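> model this:
(chains A and B)
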2 protein chains.
Amino acid sequence: MEKLRLGIIGIGNMGATHAMNIFEGKVPDIEVTAVADIDPERLKWAEDNLPDAARFESAVAMMDSGLISAVLIATPHYDHPVSAVSAFERGLHVMLEKPAGVYTKQVRAMNAAAEKSGTVFGMMFNQRTDHIYRKMRELVQGGTLGAIRRANWIITNWYRPQAYYDSGAWRATWRGEGGGVLLNQCPHNLDLWQWICGMPETIRAHIHCGKWHDIEVEDDVTAYVEYPNGATGVFVTSTGDAPGSNRFEITFDKGKLLAEDGKLTLWELDRPEPEFSRINTEPFGSPNVTVSEVETDGKSEQHIGVLNAFAGAVLRGEALVAGGAEGINGLTLSNGMHLSAWLDREVTLPIDEDLYYDELMKRVR
Amino acid sequence: MEKLRLGIIGIGNMGATHAMNIFEGKVPDIEVTAVADIDPERLKWAEDNLPDAARFESAVAMMDSGLISAVLIATPHYDHPVSAVSAFERGLHVMLEKPAGVYTKQVRAMNAAAEKSGTVFGMMFNQRTDHIYRKMRELVQGGTLGAIRRANWIITNWYRPQAYYDSGAWRATWRGEGGGVLLNQCPHNLDLWQWICGMPETIRAHIHCGKWHDIEVEDDVTAYVEYPNGATGVFVTSTGDAPGSNRFEITFDKGKLLAEDGKLTLWELDRPEPEFSRINTEPFGSPNVTVSEVETDGKSEQHIGVLNAFAGAVLRGEALVAGGAEGINGLTLSNGMHLSAWLDREVTLPIDEDLYYDELMKRVR
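As a prediction, this is how the structure comes out:
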């Protein structure tokens, strides 16, 4: 059977993890035929661990080598769209690590290049494979719970000690990552939030930089959003809380969903609240409610599931876990939160992308 | 044994409830010697149910009757400080239903009158007797958990159907109540929030009026606050969510407390997070944590506990459940949330009380 010949750009933490998963046979449709990294130590690691993969100091040289038909990009964030555009221009398929980029202006250009190329473009949003989040989305999209009223995610279980930030000079800098918890830890959650609840219309965020660590970027965020239908949401995150929480609650016209502690609980009303409120005559009446733990398929294939689907998309036209062009949504939330905090006011989506870029560059030293 | 001779001003829902608790012997140190209400139907109810209590159409006439040494004020909110000041001027002790008033300017004057009178002044903050909240406060004040970092209360289990609002023309109007969920349902929670966590320094609130009901005041609130030590907080409330939630989480330097589902859970670190972060060398290390359900005394004496303590304070100099002057704190949070939303900007405490009053009066029709 034909395999997808993959080149990995950047074999640091994540690139090496993906490479080893493939090397160990967990992604049978893919072989790593080449890797590229600017760091000689990383290439040495590849020589020792991936003897069959050609090694390049330059990503472009690897792309032009004829050894690969797809790239997996696991470089620092700013380079994501740069490498992706180079790949699209060469007709290569692209699997991109999160975040899609650092600023949406750049990601919008990348998405245009992807569309022009017509190749397969996927995002490494592995948490979309989680059985709980998939089930939440299915229930929301199914529509039986009615319109969303409130979406409150406390996602503070991203604890990082100072040693984490001290482990790389690029970490938690405007120049190296373009932000903190929103750019490094939260891209998954921001993507899931919009994947499940849709995109809000306005954002008012409060961000604290270097609050819990000796870093220049944000490590504490509280954001309030409003959706086109009038629903509201709160997103709270931090890398300073030990232990943090992960509690995602969505309230609907006809019930409530709560994802917490690895389970999904559903409160379902016997009729939508607005209908109950219209016909009920008891001042302290309330709709009848049934509570249940929602059954799921229990599967969470994570990174391996994303890579298998990517191979399936290239080789057999199957569905991706997350289309690459969707990466801009979560980043729009992230950029919107930063911009709101920087301007100290509410912002409306889509944000002014030039203004965002200018404000970001003021902070890059 | 001498009993406290109490006059109840306003024998509607709450006034009647208190009267019956006393009549049934649940508050042995108090006797209801008089009641006052402007509504003849209410006085008829008193005649039937409290035959030993003198009845007055005028609160002032009751206060001047010599039949009482204390009043319990359970009138509409705007009248709370008015009646209280009349009582203080006559040297009467006062037990005041929540909220302390509608706007802090008025409550500040009431507190000055209370201080001048030197009589006993208590607030009906019956939820301060709840075993969970008492224990939370004890743990916070005890200091072993260190500084507060985050205080997030989702208190949306105040569901009210339209029939509730239709049950009284004064309900949910700026003229009748001076607000919605913040003035009627949440005074307990706002008081507890500040009682346990202290007062914040700034408030940024987002308020929606008549969002879930045909009413003119707010029935949906999301507020973000910052405390003097830099801690942040979120308070979410609504009377539209069915079923709502009641989840109060406080994060500290050395752990986390969670009050939900009638129990209190404590996560305690073996050392404060800042100390761990300073000495730890593992990039993905995190402090050791012990989880436990906190034992409490299980007692929640509610209204009866507040009244017994009030009698004890008057007769024997014992401690109140909630001193009357403290009522201004929760109301300051409420007024601050309204003002922030009305001005569409952050407000700093103490708020401009004249501005608040002017803005409120713009809405009173």
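> and residue A:43, which of the three is it?
Three-state call for residue A:43 (DSSP: H, G, I helix; E, B strand; the rest coil): helix.
> ok, and the closest non-adjacent residue to it?
Nearest residue to residue A:43, sequence neighbours excluded (CB to CB, 6 or more residues apart in numbering or on different chains): residue A:55, at 4.9 Å. Every residue, glycine included, has its C-beta placed from N, CA and C.
> list the residues that contact the one you found.
Going by CB atoms under 8 Å, 6 or more residues apart in numbering or on different chains, residue A:55 touches A:34, A:35, A:36, A:37, A:43, A:46, A:47.
> which ones among these lie within helices?
Within the contacts of residue A:55, residues falling in helices by DSSP state H are A:43, A:46, A:47.
> helices of the stretch 101-250 of chain A, start to end?
Remark: helices assigned in the stretch 101-250 of chain A by DSSP state H, counting those that start in this stretch are A:104-117, A:131-142, A:162-166, A:187-197.
> now do the buried residues in whichever helix in chain A runs longest.
The longest helix of chain A (DSSP H) is helix A:327-343. Residues A:327-342 are the ones in helix A:327-343 that count as buried (16 or more other CB atoms under 10 Å in any protein chain shown).
> so which of these reach chain B?
Applying CB under 8 Å from any CB of the partner chain to the buried residues of helix A:327-343, one finds that nothing falls near chain B.
> the residue lying closest to residue A:234 once chain neighbours are set aside: neighbour count?
Nearest residue to residue A:234, sequence neighbours excluded (CB to CB, 6+ apart): residue A:152, at 4.8 Å. The local packing of residue A:152 (other CB atoms under 10 Å in any protein chain shown) involves 23 other residues.
> for residue B:200, see how far away residue A:152 is.
Distance of residue A:152 to residue B:200, computed by CB to CB, to the nearest Å: 20 Å.
> which residues touch residue A:69?
By CB under 8 Å, 6+ apart, the contact list for residue A:69 reads A:4, A:5, A:6, A:92, A:93, A:314.
> list the contacts for residue A:250?
Residue A:250 is in contact with A:136, A:140, A:148, A:150, A:151, A:152, A:196, A:197, A:256, A:257, A:258, counting by CB under 8 Å, 6+ apart.
> dump those into a markdown table; add pLDDT as well.
Listed next are those as a markdown table, based on pLDDT from 0 to 100:
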| residue | pLDDT |
| --- | --- |
| A:136 | 98 |
| A:140 | 97 |
| A:148 | 98 |
| A:150 | 98 |
| A:151 | 98 |
| A:152 | 98 |
| A:196 | 98 |
| A:197 | 98 |
| A:256 | 98 |
| A:257 | 98 |
| A:258 | 98 |
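> the residue located most distally from the centre of chain A: which element?
Distance from the C-alpha centroid of chain A peaks at residue A:281, with 46.2 Å (CA atoms, centre = their mean). Under the criterion DSSP states H and E, no helix or strand holds residue A:281.
> need the nearest residue in space to it, chain neighbours excluded.
Closest residue to residue A:281 apart from its sequence neighbours, by CB to CB, 6+ apart: residue B:163 at 5.3 Å.
> isn't the one you found up against residue A:279?
No: contact criterion CB atoms under 8 Å: residue B:163 and residue A:279 do not qualify, at 9.4 Å.
> the more surrounded of the two?
Using other CB under 10 Å as the criterion, residue B:163 and residue A:279 rank with residue B:163 on top: 16 against 11.
> and the more buried one, what pLDDT?
Residue B:163 carries a pLDDT score of 98 in this model.
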